[in-house]
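1. Coordinates for the following, if possible.
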Amino acid sequence: MKELGDTLRALRKARNMSIYDVERKTGIRFNLISAYERGEKRPSLQNARKLAQLYGVPVAYLVLSEAEVTECIPPELREAVTLFLNRPELRKVITILAGLPPEGVQHLANFLSSVKDAPPSSQKA
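-> Next up, the predicted model:
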């Protein structure tokens, strides 16, 4: 089971943010953020909400164990949610996809499948 401090640090680092960045964006003092990440203090509900919003995760992700979070997610969505939480750059892709008409999404899915399944191109010297 992961600890809250480890989770907060991992979320911050996955987004290439410094503690100072978090301070500027949330208004939570640097020394308090640092204490959260070291496991010396636990954030108030208000600060947990600010951090969850900044990191783009539900507050439950910060306070529940990974198994408890997984239980809240329908089985067919678990893999996608895990990828989404661990790779924040996918949010931009999801946002773009959400704006496409269904036939555009299908066309893109077909293209990506063909690229993924294509044999590597041979390089000629």
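2. So for the helix or strand that residue 84 is a member of, what gets flagged as buried?
-> Applying DSSP states H and E as the criterion places residue 84 in helix 78-86. The neighbour-count check on helix 78-86 (16 or more other CB atoms under 10 Å) flags 81, 84-85 as buried. For glycine as for every other residue, the C-beta is placed from the backbone atoms N, C-alpha and C.
3. Just name the closest of those residues to residue 118, please.
-> Ranked by distance to residue 118 (CB to CB), those are led by residue 84 at 26.1 Å.
4. from what I can see the closest one touches residue 91, true?
-> Yes - judged on CB atoms under 8 Å, residue 84 makes contact with residue 91 at a distance of 7.2 Å.
5. Touching both of the two, which residues are there?
-> With contacts defined as CB atoms under 8 Å, 6 or more residues apart in numbering, no residue is shared by residue 84 and residue 91.
6. got the contact list for residue 54?
-> Residue 54 touches 22, 25-26, counting by CB under 8 Å, 6+ apart.
7. Please list the residues outside the host helix or strand of residue 115 that contact it.
-> In the assignment (DSSP H and E), residue 115 maps to helix 102-117. For helix 102-117, contacts defined as CB under 8 Å, 6+ apart pick out 97, 100.
8. For it, output the C-alpha coordinates as CSV.
-> Below are the C-alpha coordinates for helix 102-117, written out as CSV (Å, rounded to 0.1, in the frame of the first residue of the first chain):
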residue,chain,number,x,y,z
PRO,A,102,-17.5,9.2,-33.9
GLU,A,103,-16.3,8.5,-37.4
GLY,A,104,-13.2,10.6,-36.8
VAL,A,105,-12.3,8.6,-33.7
GLN,A,106,-12.9,5.3,-35.6
HIS,A,107,-10.7,6.5,-38.4
LEU,A,108,-7.9,7.5,-36.0
ALA,A,109,-8.2,4.1,-34.1
ASN,A,110,-7.9,2.2,-37.4
PHE,A,111,-4.9,4.3,-38.4
LEU,A,112,-3.2,3.7,-35.0
SER,A,113,-3.9,0.0,-35.2
SER,A,114,-2.3,-0.2,-38.6
VAL,A,115,0.8,1.7,-37.4
LYS,A,116,1.1,-0.4,-34.3
ASP,A,117,0.7,-3.7,-36.3
